[in-house]
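this one's structure only:
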């Protein structure tokens, strides 16, 4: 969008919008929307910060009215824009007006006994946690490692997941409401037929009546979503996180089989389970031994030394048990039985050893046992996440190759604003030892060729499928490192597709490169887009090749 167009359009929007919304045009106002972790610096000219839902309709109507004039523009809605590593707040259309919905942050408790809540786009993990605390409601926030400042609605619409009992966050969404490009406000057929005043059934029954449409609004550019209603998991009577350590690299197959058994046998009691390799855990615990500016992979010697210093095994399993005290106690016994004789160490979060360690460190001067303190702090941060309390324990990973900024705990971290380089490779892999071992070899062969640290996490979605989140961390201030990181991701994806490892989520550049408008699936999707948004007003190109 040219500067003169932005000025004219800003004036038009200011005239039409209510005083609750703001039109942002200055460099200072636009700066947060220019930032990303992917190495793309877009020249965003215009942002509308929405202050009331009715103004969404106003912007859409203007976009439609001016489509064939000298002031054409598209609309790119964001919830909080904290989509780090997946394009952040960036649009891929030069004529896009960013529609910032972060100030729409209302939370409604639809039923405090059943745990049904409605949230707007700007409601963050921390907002929901504070709301629950303030009203003394004992439910778990569907947290992610992205941190407290990230949107509940945005993560659900990206079909994100976490480690708490309702692992699949979209699965916990019962209803979605929003606006089509022509301004039509939509809700389910159940809501339209419900003549009562409480509008309750729509918010508790996911699939509604007639064709199920809510899935269309996820990972798409078909609508602007103004609210979702979701079910939260009640805080369990008992909780126990478990950590199984495997000292040797060749024990991965044993670790994988134990995870499979735990997920299959303890379904409904265990949440998601992670398997992390040594380099991934080191990046959580230790500073980069090569310095944050270096585009260099840790040597075997460095990994061995840090693993010894921080007592990090070749593979670590982390999982959680939830339920009644007697059930969790019995499940702990089963976890011990499944892993007996296979792992080098079993640690439970509520064990006597951990509790003694916490008390001991409280008594000692703060400067003593610094490594042990950091390990315990990381452990406690992970436990809080598992209990549904958002924190920043996972965010320092993004700063591992950031020479300008350190991830200080006393402030809200923002990897995009702080200049962190981060991309994600997140393919789905069968829960089979042979396939997962080949995938490990795939990552460890490709990443070092591009100077990228091969850090591997497997997160179980079900007992038959895992998602592997591979963080591609790089120095955003180094143009060569940026180019290497992108090339690394491209090869990981292209070679992985040949093995059937398809990412569950793509950034904007990947969507443009990989999605083929000629394929039947995208032809069908394109017909839906043409029917609902014929002028291509909402987020052109987002998960929709050709539109």
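Yes, it's here. Remember, predicted model here, so these are calculated numbers, not experimental data.

stretch 231-245: which residues count as buried?
Residues 231, 232, 233, 236, 238, 239, 240, 241, 242, 243, 244, 245 are the ones in stretch 231-245 that count as buried (16 or more other C-beta atoms under 10 Å). All C-beta atoms are positioned from the backbone trio N, CA, C, and that covers glycine.

which residue sits closest to residue 482, ignoring its sequence neighbours?
Excluding the flanking residues, the one nearest residue 482 by C-beta to C-beta, 6 or more residues apart in numbering is residue 39, at 4.0 Å.

and what of residue 86?
Excluding its sequence neighbours, the residue lying closest to residue 86 (C-beta to C-beta, 6+ apart) is residue 507, at 4.9 Å.

ditto for residue 296
With sequence-adjacent residues excluded and distances taken as C-beta to C-beta, 6+ apart, residue 296 is closest to residue 290, at 4.7 Å.

now do the helices in the stretch 101-250 of the chain.
Here the stretch 101-250 of the chain has its helices, by DSSP state H, counting those that start in this stretch, at 125-134, 152-157, 189-193.

please name whichever of these is nearest to residue 29.
Residue 29 sits nearest to helix 152-157 of all the helices of the stretch 101-250 of the chain, at 21.1 Å, using C-beta to C-beta.

thinking residue 179 is in contact with residue 222, fair?
No - using C-beta atoms under 8 Å, residue 179 is not in contact with residue 222; the gap is 10.6 Å.

if the residue lying closest to residue 313 once chain neighbours are set aside is in a bridge, with which residues?
The shortest distance from residue 313 to any non-neighbouring residue, by C-beta to C-beta, 6+ apart, is to residue 245 (4.1 Å). Going by DSSP bridges, residue 245 is paired in beta bridges with residue 316, residue 345.

gap between residue 204 and residue 44?
To residue 44, residue 204 is 39 Å away according to C-beta to C-beta, to the nearest Å.

so which of the two has more stuff around it?
The neighbour comparison of residue 204 against residue 44 (other C-beta atoms under 10 Å) goes to residue 44, with 24 against 15.

three-state assignment of the closest residue in space to the more buried one that isn't next to it in sequence?
Once flanking residues are discounted, residue 44 sits nearest to residue 33: 4.7 Å by C-beta to C-beta, 6+ apart. Following DSSP: H, G, I helix; E, B strand; the rest coil, residue 33 is assigned to helix.

burial count for residue 33?
Residue 33 has 23 neighbouring residues, counting by other C-beta under 10 Å.

what number of residues lie near residue 309?
When neighbours are counted by other C-beta under 10 Å, residue 309 registers 12.

quick one: it from residue 282, how far?
Taken as C-beta to C-beta, the span from residue 309 to residue 282 is 9 Å.

cool, residue 537 as well?
47 Å.

could you list the low-pLDDT ranges of the stretch 351-500 of the chain?
Where the stretch 351-500 of the chain drops to pLDDT under 70, the residues are 351-379.

strands of that one, start to end?
Ranges of strands in the stretch 351-500 of the chain, per DSSP state E, counting those that start in this stretch, are 421-425, 428-430, 457-462, 465-468, 470-474.

which one of the ones you listed is the most hemmed in?
Highest mean neighbour count among these (mean count of other C-beta atoms under 10 Å): strand 470-474, with a mean of 26.

need the strands for the stretch 201-350 of the chain, in chain order.
Secondary structure of the stretch 201-350 of the chain (DSSP E, counting those that start in this stretch): strands located at 224-231, 233-234, 238-246, 274-277, 315-323, 345-348.

out of the helices and strands in the chain, which is least certain?
Least confident element among the helices and strands of the chain, by mean pLDDT, DSSP states H and E: helix 352-363 (a mean of 57).

so what's the residue count around residue 103?
Counted with other C-beta under 10 Å, residue 103 comes out at 15.

okay, it and residue 150: tell me how far apart.
Plainly put, residue 103 is 16 Å away from residue 150 if you go by C-beta to C-beta.

repeat that for residue 45.
26 Å.

and what of residue 278?
Using C-beta to C-beta, residue 278 is found at 28 Å from residue 150.

pLDDT score for the closest residue to residue 178 other than its chain neighbours?
In space, and not counting its chain neighbours, residue 178 is closest to residue 225: 4.0 Å by C-beta to C-beta, 6+ apart. Predicted confidence (pLDDT) for residue 225: 98.

residue 225: what's it in contact with?
Residues near residue 225 by C-beta atoms under 8 Å, 6 or more residues apart in numbering: 77, 121, 153, 157, 176, 177, 178, 217.

quick one, helices of the stretch 351-500 of the chain?
Under the criterion DSSP H, counting those that start in this stretch, the stretch 351-500 of the chain contains helices at 352-363, 370-386, 433-446, 479-498.

returning to that earlier point: most neighbours, which of the contacts of residue 225?
Among those, the one with the most neighbours (other C-beta under 10 Å) is residue 121, at 30 neighbours.

low-scoring stretches of the chain, by residue?
In the chain, residues with pLDDT under 70: 1, 41-42, 351-379.

which stretch among the strands of the stretch 201-350 of the chain comes nearest residue 302?
Among the strands of the stretch 201-350 of the chain, if distance is taken as C-beta to C-beta, the winner is strand 274-277, at 14.9 Å.

any idea how far residue 537 is from residue 11?
Here residue 11 is placed at a distance of 20 Å from residue 537 (C-beta to C-beta).

the two - which one has more neighbours?
Shown here are residue 11 and residue 537; by other C-beta under 10 Å, residue 537 has more neighbours (25 against 12).

could you pull up phi and psi at the more buried one?
phi -80, psi -40 (degrees, to the nearest 10).

tell me how far residue 547 lies from residue 93.
Between residue 547 and residue 93 the distance is 11 Å, computed by C-beta to C-beta.

cool, and residue 74?
The spacing between residue 74 and residue 93, counted by C-beta to C-beta, is 5 Å.

for those two, list the residues in contact with both.
539, 540.

the more surrounded of those two?
residue 74 (25 against 18).

check contacts around the more buried one.
Shown here is residue 74, whose contacts under the criterion C-beta under 8 Å, 6+ apart are 63, 91, 93, 95, 96, 97, 536, 537, 538, 539, 540.

closest to residue 459 out of the residues you listed?
Distances from residue 459 to the contacts of residue 74, taken as C-beta to C-beta, are shortest for residue 539 (27.3 Å).

that closest one: how many residues sit nearby?
Counted with other C-beta under 10 Å, residues neighbouring residue 539 total 26.

residue 75 is in contact with that one, correct?
Yes - in this structure residue 539 lies within contact range of residue 75 using C-beta under 8 Å: 7.3 Å.

now do the shared contacts for these two.
residue 96.

excluding covalently adjacent residues, which one is nearest to residue 51?
In this structure, residue 51 finds its nearest non-sequential neighbour in residue 20, 3.1 Å apart by C-beta to C-beta, 6+ apart.

tell me the secondary structure for the one you found?
coil.

how many other residues sit next to it?
Counted with other C-beta under 10 Å, residue 20 comes out at 13.

likewise residue 131?
Residue 131 has 19 nearby residues by other C-beta under 10 Å.

got the contact list for it?
Counted by C-beta under 8 Å, 6+ apart, residue 131 has contacts 107, 137.

overlap of the contact sets of residue 547 and residue 93?
Counting by C-beta under 8 Å, 6+ apart, the contacts common to residue 547 and residue 93 are 540, 541.

so the residue nearest to residue 296 touches residue 298, yeah?
Yes - Residue 290 is within contact range of residue 298, at 6.8 Å (criterion: C-beta under 8 Å).

between these two, which is the more surrounded one?
residue 298 (22 against 15).

from residue 246, how far off is that one?
With distances taken as C-beta to C-beta, residue 298 is found 20 Å from residue 246.

what about residue 28, how many neighbours?
Look at residue 28: counted by other C-beta under 10 Å, it has 7 neighbours.

what do you get for the one 10 residues further on?
By the other C-beta under 10 Å criterion, the neighbourhood of residue 38 contains 26 residues.
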